[in-house]
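A.B. asks: Prediction below, plus the sequence it came from.
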Amino acid sequence: MRSGTTRELLSQLEAHAIDVVLSNSAAQRDARVPFRNHLLNQQPVSLVGRPRRDKSLFRFPEDLRSEPILLPSLDSEIRVGFDRLLDLAGIRPIILAEVDDMAMLRLLAREREGVTLVPPIVVRDELESGVLVEHCRIPQLTESFYAIIQKRRFPNQLLGDLLTR
């Protein structure tokens, strides 16, 4: 098992150094390297944060005009979809930070005012303990997980069995 950037891992896949890349973004296909994306799972995405002092319900997307937000980086598919939703609604959010690591986003969500765009599974413990609450699930957004493989003349049988289950 190896970790790295998507670009590094796809290069290793192309060189047959690894058999599969697990990623939360699909690989781009081209004529030179025919990557195959197998959707493994999807999970919901929400706006989470500390409980609101005034106990009012969060209104999405309207409340993002005044509520500061922590966001995944621009490289994230979640972020691309979220930005599109806000653009369609004509809302420019007050961005506290853009973070490229979910563990760091989790830490900041616990410590900062405002809301955080994150899959609830990332902050499950904080939601269960009440440190954070789910203000709004965003039904138009999901985070997807892919197994990326490369077409091979002699495919890995074990991997084929796993991906067809």
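C.D. replies: The structure has been received and is ready for your questions.
A.B. asks: quick one: pLDDT of residue 151?
C.D. replies: What the model reports for residue 151 is a pLDDT of 75.
A.B. asks: quick one: it and residue 37 touch, right?
C.D. replies: No - if you go by Cβ atoms under 8 Å, residue 151 and residue 37 don't touch, sitting 11.9 Å apart. Quick note: C-beta positions are derived from backbone N, CA and C, even for glycine.
A.B. asks: of those two, who's got more company?
C.D. replies: residue 37 (17 against 9; other Cβ atoms under 10 Å).
A.B. asks: how much space between that one and residue 146?
C.D. replies: Distance of residue 37 to residue 146, computed by Cβ to Cβ, to the nearest Å: 5 Å.
A.B. asks: Mutual contacts of these two, please.
C.D. replies: 26, 27 (Cβ atoms under 8 Å, 6 or more residues apart in numbering).
A.B. asks: In its sheet, which strands sit next to the longest strand along the chain, and in what direction?
C.D. replies: The longest strand of the chain (DSSP state E) is strand 133-150. The pairing partners recorded for strand 133-150 under DSSP bridges are strand 21-23 (antiparallel), strand 35-49 (antiparallel).
A.B. asks: Tell me if residue 2 really is in a strand.
C.D. replies: No - Residue 2: not assigned to a strand; according to DSSP: H, G, I helix; E, B strand; the rest coil it is coil.
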